[in-house]
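S.K.: Sequence below, structure please.
(one chain, ligands or ions: 1)
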Amino acid sequence: MKEYDKVRDVLNTLLEELNNRLDNITHDVRHDQNPLEHDFAEQATQNENNEVIDQLGNSARAEIEQIKLAISNIDNGCYGICEQCAEPISKERLAAVPFTSQCIKCASQAGPKH
Ligand SMILES: [Zn+2]
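M.R.: Predicted structure coming up:
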């Protein structure tokens, strides 16, 4: 469908950005693992930082998966359909969150995620 060509472009751009962000995050982790191991307190702080970075990485990865799914849905004509109730997702919601896989009703029933 023509109207989704644009969305596809947007999603691909998002995907690129996220991959770049993920690269940066991974790079930061490696950088943080430089030896400071003699100082126990420092090490604890480093572990905390790595946990935060891990979480950032995980949420970026989760978003990447969602975007990939949305792109494949565009390709096979399932884009814009709620995966929970199979109702169409509103255009407003798709405009706000182009890679969402749930309609606003199901998303709010699922409860807030982070
Ligand atoms: Zn739904």
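S.K.: Walk me through the domains of the protein.
M.R.: Under the assignment automatic domain parsing, the domains of the chain span 3-78, 80-114.
S.K.: List the contacts of stretch 74-88.
M.R.: 1, 4, 7-8, 11, 70, 73, 89, 94, 101-103, 105-106, 110 (C-beta atoms under 8 Å, 6 or more residues apart in numbering). Every C-beta, even on glycine, is put in place using the N, C-alpha and C of the backbone.
S.K.: so what's residue 55 scoring on pLDDT?
M.R.: On pLDDT, residue 55 comes in at 87.
S.K.: ditto for residue 46
M.R.: Residue-level pLDDT assigned to residue 46 equals 77.
S.K.: Ok, residue 39 next?
M.R.: Here, the pLDDT recorded for residue 39 equals 69.
S.K.: For residue 16, see how far away residue 101 is.
M.R.: Relative to residue 16, residue 101 is positioned 20 Å away (criterion: C-beta to C-beta, to the nearest Å).
S.K.: which of those two has more neighbours?
M.R.: Taking neighbours as other C-beta atoms under 10 Å, residue 101 and residue 16 compare with residue 101 leading, 19 against 10.
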